[in-house]
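J.: sequence and predicted structure below; questions after.
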Amino acid sequence: MMQTELTVLENNKIAEETVEMKLGINNANPATDIGNFTPGQFLHVKVGESDTALLRRPISIADIDGNGNITIIFKISGRGTDMLSKRTSGSRVNALLPCGTGYPVDNLKLDTALLVGGGIGVPPLYYLGKTLAGSGTRIISILGFQKAEHVFYKEKFAELGESIIVTDDGSYGEKGLVTDCLSKMDIDFDCFFSCGPTPMLRAVTNKLSGRPGYISVEQRMGCGIGACYACVVPVKGETGFKKICKDGPVFAANEVSL
Amino acid sequence: MISLETKLPGLHLKNPIMPASGCFGFGREFSELYDLNKLGAVVIKAATQDPRYGNQTPRVAETAAGMLNAIGLQNPGVETICTDELPFLSQFKTPVIANVAGSTIEEYASVAKRLDESGLIQALELNISCPNVKEGGIQFGKDPVLAAEVTAQVKRTVAVPVYVKLSPNTADIVQMAKAVEGAGADGLSMINTLTGMQIDLSSKKPLLANQTGGLSGPAIKPIAIRMIYEVRQHSGLPIIGMGGISTAEDVLEFLLAGANAVAVGTANIHDPFACVNIINRLPQLLEKYGFQNMEEAVGGGIRNEANISGS
């Protein structure tokens, strides 16, 4: 892990209150530094100073391009993300990276992967899907959003494989929740990968209980490196916690209690 | 260049900067970012007799110029700390201060004894001020009689020097300092966090699972400065000052108020290199303000210097 000043290369509003930011690493060797980043890992972004926004914001890696530029996607959900959203092209963003343990893509040999994402949990699934598709895995994605105005990356996921969009109010794609879609469809897959709000993860893991899968868990975070014990998740079946920022954010679906 | 070397009871420090307990784990994560030999000392996360799993989440919340935390003293217990964590830290030429928490005087003494016997620590910090667990010692931090009792008992049990970490959540900090000084404390560390609360507008309930949490960060710095300034005028004990330090300027302010060394806590969460940056910058800053050495700065801000007996 390193702390570095990234340069904002692009800042695009891709949906309501949703920003896609492309960041370049200065003085880094893309082959050695970026090559080790895995889907599911995150950047711990300093959005302000200690008297304006003391806590860093964990933001997952949505994509890394051939030049080693990193894309993040975040929702403007408070003062900190609002401050970050105002960084224009050319400005600097301080981040710790790469943080956490991502999806074990190197150890998985899959015919078909099912991606289930909700809202701002969708971005890391794109980098995951792209990586898996690159090694020949068939990708099926089910992506849930609140309403049409929040939908993003529908074309990008469509390029990876079969992609279904669900909105709470039916204003785009299917109406309902991602789990409604799982109930209706008979999907054949080897392993599922899910990221989204905790209630959604709970519903997805219940629905797919017994199937191999990985989930990415979110929680209010402190240091982002495993030292402060702020972001923990209970381990299933025993007393104790795992650190989301270090042991996770990705866990096997049956490993932690949501 | 001005030497930052600092001598405190039981501690010969390269510099007066150490990470504060709870913000640095047991050092492993930070050792991947920089050489821990650069630090004046390392203060480890609180040790209790048995493993503690801590509070439910959320455990942290951002506030204006600070944060609230209610971790709940999560730690693997003193035995595991002595066998798995302290040996790791012993590879560095940096003194280790072990923070001790407990719910009874006996637990404090027993945990302190085990740490002392490990031979892997150079000092103890008695945490009589954790606001985040019912049995985390805060009752000792509010009552001068209990604070003196626990201090005296631990002093009778261990050979290493004992620093008592004072809580700001008390009506009279000077009375607390005098009580533990009278009971044989070798030094003070101050201040711990202030109890606070944040209410989430969506759920209409306290945001932290523990409801209340400890407020830290730049927001509490003036309170820490005031309390150290007051205690310095009534106690000769060395003081490890803390509370919202994030820059070398903050350190100098603490020294002027009467602290002999400082601990940097929450700033590590904002910037994991905070301690190193401060260490690198402090000599120039002392020079800039006309100091020949560290000692000149300690207590230099106190108007009535006749009252200062410690340095």
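T.: Thanks, I have it.

J.: determine the set of other helices and strands touching the helix or strand of chain A with the lowest mean pLDDT.
T.: Ranking every helix and strand in chain A by mean pLDDT, DSSP states H and E puts helix A:178-184 at the bottom, with a mean of 90. Contact here means 3 or more Cβ pairs under 8 Å, 6 or more residues apart in numbering or on different chains; DSSP states H and E; on that basis helix A:178-184 packs against strand A:112-118, strand A:138-145, strand A:161-167, helix A:198-207. The way it works is simple: take the backbone N, C-alpha and C, and place the C-beta from them, glycine included.

J.: got the angle for the second one vs helix A:198-207?
T.: Which is strand A:138-145. In terms of direction (axes from the mean of the first three to the mean of the last three Cα atoms, to 10 degrees), strand A:138-145 departs from helix A:198-207 by 140 degrees.

J.: hmm, who's touching strand A:138-145?
T.: With contact meaning Cβ atoms under 8 Å, 6 or more residues apart in numbering or on different chains, strand A:138-145 is reached by A:15, A:111-119, A:122, A:125, A:129, A:132-133, A:151-154, A:157, A:160-168, A:172, A:177-178, A:181-182, A:187, A:189, A:196, A:200.

J.: show me where the stretch 1-150 of chain B has helices.
T.: Per DSSP state H, counting those that start in this stretch, the stretch 1-150 of chain B carries helices over the ranges B:28-31, B:78-80, B:86-89, B:105-118, B:138-142, B:144-157.

J.: most tightly packed of those helices?
T.: Stretch with highest mean neighbour count among the helices of the stretch 1-150 of chain B: helix B:138-142 (a mean of 22; mean count of other Cβ atoms under 10 Å in any protein chain shown).

J.: pLDDT of that helix, averaged?
T.: Helix B:138-142 comes out with an average pLDDT of 83.

J.: same check on stretch B:282-296?
T.: The average pLDDT within stretch B:282-296 is 95.

J.: repeat that for stretch B:41-58.
T.: Per-residue pLDDT over stretch B:41-58 has a mean of 96.

J.: buried ones in it, by neighbour count?
T.: Neighbour-count burial for stretch B:41-58 flags B:41-49, B:51-55, B:57-58 (criterion: 16 or more other Cβ atoms under 10 Å in any protein chain shown).

J.: what's the first-to-last distance across it?
T.: 30 Å (Cα to Cα, to the nearest Å).

J.: if any of the contacts of strand A:138-145 are buried, put those into a PyMOL selection.
T.: To isolate the buried subset of those in PyMOL, counting by 16+ other Cβ under 10 Å, use the following:
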select buried, chain A and resi 15+112+113+114+115+116+117+118+119+122+125+129+132+151+152+153+154+157+160+161+163+164+165+166+167+172+177+178+181+182+189+196+200
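
J.: roughly how far is stretch A:83-93 from the heart of the chain?
T.: From the chain centre to the centre of stretch A:83-93 is a distance of 20 Å (Cα atoms, centre = their mean, to the nearest Å).

J.: with stretch A:42-49 instead?
T.: For stretch A:42-49, the distance to the chain centre is 16 Å (Cα atoms, centre = their mean).

J.: what residue in the stretch 51-200 of chain A comes nearest to chain B?
T.: Nearest residue of the stretch 51-200 of chain A to chain B (Cβ to the nearest Cβ) works out as A:Asp51 at 4.2 Å.

J.: show me the contacts for that residue.
T.: Neighbouring residues of A:Asp51 by Cβ under 8 Å, 6+ apart: B:65, B:218.

J.: is the residue lying farthest from the centre of chain A in a helix, a strand, or coil?
T.: Largest separation from the mean C-alpha position in chain A: A:Asp51, at 28.1 Å (Cα atoms, centre = their mean). Following DSSP: H, G, I helix; E, B strand; the rest coil, A:Asp51 is assigned to coil.

J.: pretty sure A:Thr88 is touching A:Thr7, no?
T.: No. In this structure, A:Thr88 is not within contact of A:Thr7 by Cβ atoms under 8 Å, at 11.1 Å.

J.: and A:Leu258, how many neighbours?
T.: A:Leu258 has 18 neighbours, counted by other Cβ atoms under 10 Å in any protein chain shown.

J.: am I right that it is in contact with A:Thr205?
T.: Yes. At 6.9 Å, A:Leu258 counts as touching A:Thr205 under the criterion of Cβ under 8 Å.

J.: overlap in contacts, these two.
T.: Common contacts of A:Leu258 and A:Thr205 (Cβ under 8 Å, 6+ apart): A:Ile215.

J.: before we move on, the earlier item: out of the buried residues of stretch B:41-58, which is nearest to chain A?
T.: B:Pro58 (4.4 Å).

J.: separation between that closest one and A:Pro197?
T.: 14 Å (Cβ to Cβ, to the nearest Å).

J.: quick check: bridge partners of residue 213?
T.: All of this is about chain A. Residues in a beta bridge with A:Gly213, per DSSP bridges, are A:Phe192.

J.: that's the other chain; I wanted chain B
T.: Assigned bridge partners for B:Gly213, using DSSP bridges, are B:Gly196.

J.: tell me the contacts of it?
T.: Contacts for B:Gly213 were tallied using Cβ under 8 Å, 6+ apart; they are B:59-61, B:68-70, B:131-132, B:193, B:195-198.

J.: now it: how far from A:Gly224?
T.: From B:Gly213 across to A:Gly224, the span is 19 Å (Cβ to Cβ).

J.: same check on A:Tyr126?
T.: Applying Cβ to Cβ, the value for A:Tyr126 to A:Gly224 is 22 Å.

J.: likewise for B:Glu149?
T.: 40 Å.

J.: burial count for the nearest residue to B:Val96 once chain neighbours are set aside?
T.: Closest residue to B:Val96 apart from its sequence neighbours, by Cβ to Cβ, 6 or more residues apart in numbering or on different chains: B:Ile121 at 4.8 Å. Neighbourhood size, B:Ile121 [other Cβ under 10 Å]: 27.

J.: in chain A, which spans are helices?
T.: Ranges of helices in chain A, per DSSP state H, are A:79-85, A:122-134, A:154-160, A:178-184, A:198-207.

J.: which of these sits most buried?
T.: Comparing those by mean neighbour count (mean count of other Cβ under 10 Å), helix A:122-134 ranks first with a mean of 24.

J.: from the middle of its chain, how far away would it be?
T.: 9 Å.

J.: burial count for B:Lys93?
T.: By the measure other Cβ under 10 Å, the count of residues near B:Lys93 is 8.

J.: shouldn't it be in contact with B:Asn37?
T.: Yes. Using Cβ under 8 Å, B:Lys93 is in contact with B:Asn37, at 5.4 Å.

J.: those residues of the stretch 201-311 of chain B touching chain A, which are they?
T.: Contacts of the stretch 201-311 of chain B with chain A, taken as Cβ under 8 Å from any Cβ of the partner chain, map to B:217-218, B:246, B:266-273.

J.: now, these that are in helices?
T.: Members of those lying in helices (criterion: DSSP H): B:267-270.

J.: most neighbours among those, please name it.
T.: Neighbour counts for these peak at B:Ile269, which has 28 neighbours (criterion: other Cβ under 10 Å).

J.: that one and B:Asn75, how far apart?
T.: Distance from B:Ile269 to B:Asn75, by Cβ to Cβ: 18 Å.

J.: and the helices in the stretch 201-311 of chain B, which stretches?
T.: Here the stretch 201-311 of chain B has its helices, by DSSP H, counting those that start in this stretch, at B:221-232, B:248-257, B:267-270, B:274-288, B:294-297.

J.: got the CA positions of the last one in CSV?
T.: To tie it back to what came earlier, the one meant is helix B:294-297. This file holds the C-alpha atoms of helix B:294-297, laid out as CSV (Å, rounded to 0.1, in the frame of the first residue of the first chain):
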residue,chain,number,x,y,z
MET,B,294,13.3,21.2,23.7
GLU,B,295,13.6,21.8,27.5
GLU,B,296,13.3,25.6,26.9
ALA,B,297,9.9,25.1,25.3
